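Engineer: I would like the atomic coordinates for the input below:
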Amino acid sequence: MYSWNDLKVGRKFIMEGQPYEVVTYSQKVVWRGWSIINVKAKNLISWSTITKTFSDNDRFEPADIATKSYDYLYNDWDNYFFMNQETYNQVSLKRSSLDSAELFLNDWDRVMLQEFNGNPINISLEPNVILEVMDTPPWEKWDTATGWKKPATLSTWLVVQVPLFVNIGDKIKVDTRTSEYMSRA
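Structural biologist: Residues are numbered from 1 along each chain as shown. Here you go, the predicted structure:
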């Protein structure tokens with residue numbers, strides 16, 4: 001069991017039968033050593049965030065979250081299918097459980113799939129991915145009114161702002177946390 005001082009940022013615990021991950025943590029001493037803890041936690045199944053206040057007497061059960069390496073295979077628009085390279089087991093996840101991570105997935109990409117009590121719940125991506133530019137307007141030398149950026153539609157249908165020199169067919173590196181252009185690949 002976790003005590004109140006074990007709830008640090010990134011710690012996974014169970015509350016009301018659901019796995020949560022601590023996003024922010026703050027402690028406040030109220031009176032003569034008695035503390036309250038304010039925690040902002042993200043539900044790892046529904047992706048909702050909640051803010052809770054706990055006392056220093058509360059205890060928390062650790063979440064049984066296992067992270068395993070899987071390859072992304074394909075999707076049928078509602079379900080996304082992944083395969084474990086060691087056991088060749090295939091699992092599927094609903095689009096809603098991916099929390100927009102599907103916009104960064106190419107076929108055969110390696111992802112880390114999180115399992116709660118043996119059931120897949122979500123995936124975590126690398127901090128950046130390489131995607132191909134499928135469509136972007138041509139660059140004109142005098143086109144400086146747009147702040148030197150233009151929209152580009154990538155191979156996964158993600159639209160990002162890119163510098164003017166990026167062309168159709170170029171491979172670019174995109175930050176998965178902010179959905180922003182980083183560099184050419």
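Engineer: what element comes up after the lengthiest strand in the chain heading to the C-terminus?
Structural biologist: With secondary structure taken from DSSP state E, the chain has its longest strand at strand 18-31. Using DSSP states H and E, the helix or strand that follows strand 18-31 towards the C-terminus is strand 34-43.
Engineer: could you check the angle that following strand makes with strand 18-31?
Structural biologist: Per axes from the mean of the first three to the mean of the last three C-alpha atoms, to 10 degrees, the angle that strand 34-43 makes with strand 18-31 is 160 degrees.
Engineer: for strand 34-43, enumerate the helices and strands it packs against.
Structural biologist: Here strand 34-43 is seen to pack against strand 18-31, strand 49-55 when contacts are counted using 3 or more C-beta pairs under 8 Å, 6 or more residues apart in numbering; DSSP states H and E. (Glycine included, C-beta is placed from N, CA and C.)
Engineer: and those as JSON lines, adding mean neighbour count?
Structural biologist: JSON lines is the format used below for the helices and strands packed on strand 34-43 (neighbours: other C-beta atoms under 10 Å):
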{"stretch": "strand 18-31", "mean neighbour count": "15"}
{"stretch": "strand 49-55", "mean neighbour count": "13"}
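Engineer: now tabulate those in TSV and tack on distance to Ala185.
Structural biologist: Below are the helices and strands packed on strand 34-43 laid out as TSV (distance: least, C-beta to C-beta, whole Å):
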stretch	distance to Ala185
strand 18-31	30
strand 49-55	33
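Engineer: now render those as JSON lines, adding distance to Tyr88 and mean pLDDT.
Structural biologist: Formatted as JSON lines, these follow (distance: least, C-beta to C-beta, whole Å; pLDDT from 0 to 100):
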{"stretch": "strand 18-31", "distance to Tyr88": "26", "mean pLDDT": "87"}
{"stretch": "strand 49-55", "distance to Tyr88": "36", "mean pLDDT": "89"}
